[in-house]
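1. predicted structure and sequence below. I'll ask about it afterward.
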Amino acid sequence: MKSHNEMVSGWMEDPVFKAEYDALEDKFALFDELIKARKKAGLTQAEVARRMDTKVPAIARLESGGGSKQHSPSVATLNKYAKAVGCRLEIKLHPLTKIPNQL
């Protein structure tokens, strides 16, 4: 049986899969940051939920990208999460290597 990494490596050889996967990179980075901050704070999802006055499934959805609804969290929710894990939210814009003529 192949490991997860082995399967993904095989799929990455498909240009269509790779393009879709790469398009999600920024979204995955956000969820990785959330989980990393929670773990660094030594908290469980239940503890974060309690601090945010919400339920564990809401935290699980937040950390996994919203499930099937694909809802993006609001800045207010991200601020609340950051405070619950002992962090402050910082949003940065990084210039593209090539700036489009029109947006």
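-> Looks like it arrived, so ask away.
2. so what does whichever helix in the chain runs longest touch, helix or strand wise?
-> For the chain, the helix that runs over the most residues, judged by DSSP state H, is helix 25-40. The elements that helix 25-40 packs onto, with contact taken as 3 or more CB pairs under 8 Å, 6 or more residues apart in numbering; DSSP states H and E, are helix 56-64. All C-beta atoms are positioned from the backbone trio N, CA, C, and that covers glycine.
3. quick check: buried residues in the helix it packs on?
-> For helix 56-64, burial by neighbour count (16 or more other CB atoms under 10 Å) applies to Ile59, Arg61, Leu62, Glu63.
4. will you turn the residues you listed into JSON lines that also has distance to Ser3 and pLDDT?
-> Shown next, in JSON lines, are the buried residues of helix 56-64 (distance: CB to CB, whole Å; pLDDT from 0 to 100):
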{"residue": "Ile59", "distance to Ser3": "28", "pLDDT": "96"}
{"residue": "Arg61", "distance to Ser3": "26", "pLDDT": "91"}
{"residue": "Leu62", "distance to Ser3": "27", "pLDDT": "92"}
{"residue": "Glu63", "distance to Ser3": "23", "pLDDT": "92"}
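5. nearest to Ala29 among those?
-> Glu63 (12.8 Å; CB to CB).
6. tell me where the model's unsure across this structure.
-> 66-70, 99-103 (pLDDT under 70).
7. residue boundaries of the helices in it?
-> 4-11, 15-23, 25-40, 45-52, 56-64, 75-84.
8. tell me the centre residue of this protein?
-> Phe31 (1.6 Å; CA atoms, centre = their mean).
9. list the residues that contact that residue.
-> Glu63, Ser64, Gly65 (CB atoms under 8 Å, 6 or more residues apart in numbering).
10. re the thing from before, so can I have a markdown table of the helices of the chain showing distance to Thr97?
-> Listed next are the helices of the chain as a markdown table, based on distance: least, CB to CB, whole Å:
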| stretch | distance to Thr97 |
| --- | --- |
| helix 4-11 | 26 |
| helix 15-23 | 15 |
| helix 25-40 | 15 |
| helix 45-52 | 36 |
| helix 56-64 | 30 |
| helix 75-84 | 26 |
